[in-house]
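K.L.:
Build me a model:
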Amino acid sequence: MQRIDTKFFGARCFGGSSARTSRLTLRLVRRKASAVPVFPQNFYARWRAQRNLAPALREHESAPPESLLQAVWRHQRLLRQQLTTLDGRNVQILHPGFLSREGGPDFRGAVIQFDDDPPRTGDVEVDLESNGWRAHGHNKNINFNNVILHVIWKGSAASSKNSPPALAISGKLDAPLAELNQWLNSDESEALPETLRGQCSAPLATFSAEKLRELLLQAAQIRFHSKAALFQARARHVGWEQTLWEGIFRALGYKNNVWPMQCLAERRDRWFAPRSSPLSLQARLLGVAGLLPSELTRAQSSADGYLRTVWDYWWRERGEFSDCALPRALWRFHGQRPANHPQRRIALAAHWLAANTLPAKLEHWCAKKFSDGAASVALLETLQIAPDEFWSWHWTIHSPRLKKAQPLLGAARVTDLAVNVILPWLWIRAFEGKNAELQREIENRFNHWPTAEDNSVLRLARQRLLGNAGRRALRTAAEQQGLIQIVRDFCDHSNAVCENCRFPELVNDLWAANKVIKIE
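P.N.:
Predicted coordinates for the structure are as follows:
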């Protein structure tokens with residue numbers, strides 16, 4: 001494990017005069033020693049609390065609501081290495097599946113491995129108790145025939161042979177219920193018609209640009225703290241460095257391949273070896289990921305030098321890693337940009353891993369002072385790698401050679417990594433080190449970070465909430481994050497006609513009160 005400056009996140013950073021410095025390192029974090037950061041208590045946070053979607057949760061209560069169990073499962077807020085079915089089988093969740101709102105099982109397309117059996121693909125149903133399977137008539141409903149796992153809060157072993165294996169998750173959460181309740185259910189998503197504007201569009205149109213920015217930044221603070229809390233919870237179990245790598249791999253998975261990339265990162269202690277070359281790590285990672293062919297044909301061997309080389313690396317050691325290899329079926333390739341193909345993203349990660357300096361380089365970047373706009377440029381330089389002999393010229397292993405070399409990392413991807421991983425990870429470590437000055441500096445960088453690439457969520461949100469405003473209406477990545485958070489908190493819990501959504505009312509009340517909002 002890489003050693004770094006143990007005083008980096010203490011009070012002395014940025015010239016603080018206190019003699020107390022943090023003992024926080026990249027080691028495993030003790031659960032009892034970790035405080036939980038307080039979420040921002042701004043007016044948007046109060047609005048969010050008025051949604052009345054989820055009551056306050058306490059550990060002594062008999063069971064949380066089923067909607068919370070669904071959110072726990074969807075985000076995998078579980079001790080994933082400690083899961084066993086009620087009949088005693090070990091469970092590995094390779095993919096939790098996709099939340100379904102169309103009737104039938106709660107999650108479709110999950111990939112789950114029981115003991116040493118081959119991974120299975122199927123559906124997952126979430127209930128409070130094991131008897132819910134029969135009580136709800138799932139045992140007689142053909143739509144539930146493909147359910148391979150029944151996730152419950154508590155229960156006893158199923159007696160019916162027609163019931164799927166049951167997994168009780170009480171006592172297997174990665175954080176206390178009260179902490180989980182601060183951020184869970186904030187990332188639910190449903191498709192909404194693009195032709196209907198939200199009822200909040202008219203009152204929001206009366207806001208000045210400054211007031212709208214203040215609202216978006218306050219919502220962005222909620223999203224930022226939620227991501228930081230997730231890193232903190234995970235670090236309690238695996239340490240800060242491993243938490244960083246898992247976050248980076250998840251971000252490199254984008255929308256379609258988040259979970260296989262996380263599974264790959266979670267196995268890092270098995271496949272990572274210090275002083276490995278980028279090429280050998282590419283071969284091992286692609287092999288463990290299931291993205292290399294099981295055998296190499298004579299035509300492939302003679303026509304593709306890179307594939308021949310990495311396959312030779314993998315052929316010699318695949319038996320050693322067969323127990324942690326992922327099935328190829330776990331990955332999704334349809335509708336994906338060539339530059340975002342998981343093979344190419346894994347090749348990029350292999351360069352960072354081979355250098356084995358990324359956490360320390362990020363801390364060095366965090367400690368430096370930058371003029372406006374220079375922090376993002378400096379982070380791109382920090383993360384940039386040397387040209388790769390193969391991957392600078394190919395999108396995938398089998399794609400033809402490009403006419404012009406393409407970098408494996410661009411400014412847009414750096415922004416995604418910064419706002420979703422690097423800045424929240426650095427901020428929560430500064431919180432643990434009681435370094436308020438560093439926290440403020442990181443928050444300031446987040447608030448002024450250049451915009452990310454546009455996406456379908458932002459386009460629809462601008463149409464429904466901001467009256468078809470163009471992408472330039474949002475000037476920073478934080479404003480984009482704030483708009484997404486509003487969608488997750490309010491729009492996604494309503495419907496196309498904003499039924500039972502309190503956001504329009506709250507916006508109207510704020511405008512009527514004509515309050516001056518200040519963001520600290």
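K.L.:
Show me where the stretch 401-520 of the chain has its helices.
P.N.:
Per DSSP state H, counting those that start in this stretch, the stretch 401-520 of the chain has helices spanning 411-417, 423-432, 436-447, 456-465, 477-489, 503-513. These are given in chain order.
K.L.:
Quick check: buried residues in the strand or helix carrying residue 231?
P.N.:
Secondary structure from DSSP states H and E places residue 231 in helix 209-238. Going by neighbour count (16 or more other C-beta atoms under 10 Å), the buried part of helix 209-238 is 211-238. In short, each C-beta sits where N, CA and C put it, glycine included.
K.L.:
Also stretch 444-454?
P.N.:
Along stretch 444-454, these residues count as buried under the neighbour rule (16+ other C-beta under 10 Å): 445, 446, 447, 449, 450, 451, 452.
K.L.:
ok, of these, which one's closest to residue 338?
P.N.:
Residue 338 has its nearest neighbour among these in residue 452, at 19.4 Å by C-beta to C-beta.
K.L.:
need the contact list for that closest one.
P.N.:
Remark: with contacts taken as C-beta atoms under 8 Å, 6 or more residues apart in numbering, residue 452 is in contact with 412, 415, 416, 419, 477, 480.
K.L.:
now the nearest residue to the fifth one once chain neighbours are set aside: how far from residue 418?
P.N.:
This means residue 477. Excluding its sequence neighbours, the residue lying closest to residue 477 (C-beta to C-beta, 6 or more residues apart in numbering) is residue 449, at 4.3 Å. In this structure, residue 449 and residue 418 are 6 Å apart, going by C-beta to C-beta, to the nearest Å.
K.L.:
got any residues that touch both of these two?
P.N.:
376, 477.
K.L.:
can you give me the strands in the chain?
P.N.:
Along the chain, the segments classed as strands by DSSP state E run 91-95, 98-99, 107-114, 120-126, 147-152, 166-168.
K.L.:
Direction included, what does the longest one pair up with?
P.N.:
Based on DSSP bridges, the strands next to strand 107-114 in the sheet, each with its direction, are strand 91-95 (antiparallel), strand 98-99 (antiparallel), strand 120-126 (antiparallel).
K.L.:
Tell me which residues of the last one come out buried.
P.N.:
Pointing back at strand 120-126 there. Residues of strand 120-126 classed as buried by neighbour count (16+ other C-beta under 10 Å): 121, 122, 123, 124, 125, 126.
K.L.:
returning to what we had before: quick check: angle from the helix holding residue 231 to helix 503-513?
P.N.:
Compare the direction of helix 209-238 with that of helix 503-513 by axes from the mean of the first three to the mean of the last three C-alpha atoms, to 10 degrees and you get 130 degrees.
K.L.:
For residue 415, which non-adjacent residue is spatially closest?
P.N.:
Here the nearest residue to residue 415 in space, its sequence neighbours aside, is residue 452; by C-beta to C-beta, 6+ apart that works out to 4.5 Å.
K.L.:
again but with residue 197, I slipped
P.N.:
By the measure of C-beta to C-beta, 6+ apart, the closest residue to residue 197 outside its immediate chain neighbours is residue 464, 5.3 Å from it.
K.L.:
what's the most buried one of the helices of the stretch 401-520 of the chain?
P.N.:
helix 423-432 (a mean of 26; mean count of other C-beta atoms under 10 Å).
K.L.:
and it, what does it pack onto?
P.N.:
Packed against helix 423-432 by the contact rule (3 or more C-beta pairs under 8 Å, 6 or more residues apart in numbering; DSSP states H and E) you find helix 209-238, helix 240-253, helix 358-367, helix 436-447.
K.L.:
Can I get the shortest one in CSV? Just the C-alpha atoms.
P.N.:
By that I understand helix 358-367. Once non-C-alpha atoms are left out, helix 358-367 reads as follows in CSV (Å, rounded to 0.1, in the frame of the first residue of the first chain):
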residue,chain,number,x,y,z
LEU,A,358,-2.1,8.6,-8.1
PRO,A,359,-3.3,9.2,-4.5
ALA,A,360,-0.1,11.2,-3.7
LYS,A,361,-0.4,13.1,-6.9
LEU,A,362,-4.0,14.1,-6.2
GLU,A,363,-3.0,15.3,-2.7
HIS,A,364,-0.2,17.4,-4.2
TRP,A,365,-2.7,18.9,-6.7
CYS,A,366,-5.1,19.6,-3.8
ALA,A,367,-2.4,21.3,-1.7
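K.L.:
quick one on the thing from earlier: what score does the residue nearest to residue 415 have for pLDDT?
P.N.:
Turning to residue 452, the model gives it a pLDDT of 93.
K.L.:
what separates it from residue 226, distance-wise?
P.N.:
Residue 452 is 17 Å from residue 226, by C-beta to C-beta.
K.L.:
Likewise for residue 399?
P.N.:
In this structure, residue 399 and residue 226 are separated by 37 Å, where distance is defined by C-beta to C-beta.
K.L.:
same deal with residue 214?
P.N.:
19 Å.
K.L.:
Ok, residue 469 next?
P.N.:
Between residue 469 and residue 226 the distance, using C-beta to C-beta, works out to 25 Å.
K.L.:
Would you confirm that residue 390 contacts residue 304?
P.N.:
No - with the criterion set as C-beta atoms under 8 Å, residue 390 and residue 304 do not qualify as a contacting pair; they are 9.7 Å apart.
K.L.:
what's the pLDDT at the closest residue to residue 127 other than its chain neighbours?
P.N.:
Closest residue in space to residue 127, ignoring its immediate chain neighbours: residue 152 at 5.4 Å, by C-beta to C-beta, 6+ apart. Reading off the per-residue confidence, residue 152 sits at a pLDDT of 94.
K.L.:
so who does residue 152 touch?
P.N.:
Counting by C-beta under 8 Å, 6+ apart, residue 152 makes contact with 126, 127, 128, 129, 130, 132, 166, 167, 168, 169.
K.L.:
That one bridge partners, please.
P.N.:
Applying DSSP bridges to residue 152, the residues it is bridged with are residue 168.
K.L.:
mind checking how far it is from residue 115?
P.N.:
Shown here: residue 152 relative to residue 115, a distance of 20 Å by C-beta to C-beta.
K.L.:
Touching, residue 92 and residue 111? I think so.
P.N.:
No - using C-beta under 8 Å, residue 92 is not in contact with residue 111; the gap is 9.2 Å.
K.L.:
which of those two has more neighbours?
P.N.:
For the pair residue 92 and residue 111, the greater number of neighbours falls to residue 111 (22 against 17), based on other C-beta atoms under 10 Å.
K.L.:
so where's the stretch 51-200 of the chain shaky on pLDDT?
P.N.:
Scanning the stretch 51-200 of the chain for pLDDT under 70 picks out 51-62, 101-102, 157-161, 182-196.
K.L.:
That one: helices as residue ranges?
P.N.:
66-75, 132-135, 177-180.
K.L.:
Just the angle for the longest one relative to strand 147-152, thanks.
P.N.:
Compare the direction of helix 66-75 with that of strand 147-152 by the same axes, to 10 degrees and you get 130 degrees.
K.L.:
Distance of the nearest residue to residue 375 once chain neighbours are set aside relative to residue 366?
P.N.:
In this structure, residue 375 finds its nearest non-sequential neighbour in residue 445, 5.1 Å apart by C-beta to C-beta, 6+ apart. Applying C-beta to C-beta, the value for residue 445 to residue 366 is 9 Å.
K.L.:
For this structure, name the helix or strand with the lowest mean pLDDT.
P.N.:
In the chain, no helix or strand scores lower on mean pLDDT, DSSP states H and E than helix 298-303, which sits at a mean of 53.
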